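Novice: Show me the folded form of this:
(one chain, ligands or ions: 1)
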Amino acid sequence: MGVKTIMACVVLLAGVSGYAVAEEKMNPAAQSAMKASKNSAVSFKNDIQPILRDHCLSCHSAGGSGVAKSGLDLSTYESLMRGTVYGPVVVPGNSDTSTFTKLLTGTNKGLKMPMGLNASGTLDNQYILLMRNWVKQGAKNN
Ligand code: HEC
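Specialist: Residues are numbered from 1 along each chain as shown. Sure thing, here's the model as predicted:
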């Protein structure tokens with residue numbers, strides 16, 4: 001390689017890395033939004049339990065119709081992970097196959113949760129995202 005080629009490479013590299021830095025500086029908002037949706041840790045105790053308390057426990061705790069019909073008690077981490085009389089509703093790491101989160105956005109054999117909403121109604125989108133992210137992050141007792 002001649003001196004000229006090496007110089008050209010150095011100039012090219014400097015140009016490429018300079019561009020990358022400039023782009024990072026230009027999009028701080030977009031970057032933090034990406035982090036928030038992908039990486040921020042969701043807490044079962046602080047984020048998920050309040051949602052379950054407000055929207056699910058009226059039926060999914062002792063004496064409720066959800067417990068009577070399916071056996072699913074959502075009042076503790078342990079009972080949620082135990083699932084229904086048919087088995088688990090949470091597949092840690094996979095919010096698409098977990099019945100727990102699947103039923104929030106679509107129906108399964110005509111079921112949609114929370115039960116009693118009209119056909120197009122759902123929980124607030126931000127709650128659904130939190131619940132999905134919690135499952136994706138491994139459904140931890142955190
Ligand atoms: C108004 C009462 C009611 C509310 C509120 C409610 N559920 Fe249910 N849920 C039920 C009933 C009843 C069943 C049993 C349905 C059946 O098996 O036919 C059930 C079943 C389920 C099942 C098991 C479905 C299956 O495939 O066996 C899941 C998961 C579930 N609910 C999640 C939730 C979540 C999460 C919330 C809150 C966001 C919620 N439910 C709120 C009444 C309710």
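
Novice: Tell me if Asn118 really is in a helix.
Specialist: No - Asn118: not assigned to a helix; according to DSSP: H, G, I helix; E, B strand; the rest coil it is coil.

Novice: show me where pLDDT drops low in the chain?
Specialist: Along the chain, the parts satisfying pLDDT under 70 run over 1-39.

Novice: redo that, cut-off 80
Specialist: Counting by pLDDT under 80, the chain has low-confidence residues at 1-39, 107-108, 118-120.

Novice: in it, which spans are strands?
Specialist: For the chain, strands defined by DSSP state E do not occur.

Novice: For stretch 107-122, measure first residue to last.
Specialist: Start and end residues of stretch 107-122 are separated by 11 Å (CA to CA, to the nearest Å).

Novice: And stretch 131-142, by the same measure?
Specialist: So stretch 131-142: terminal residues 13 Å apart, CA to CA.

Novice: And for stretch 87-96?
Specialist: When the termini of stretch 87-96 are compared using CA to CA, they are 17 Å apart.

Novice: Please enumerate residues in contact with that stretch?
Specialist: Outside stretch 87-96, the residues that touch it by CB atoms under 8 Å, 6 or more residues apart in numbering are 72, 80-83, 97-102, 131-133, 135-140. For the C-beta atoms, the positions are set from N, CA and C on the backbone; glycine is no exception.

Novice: Perfect, that will be all.
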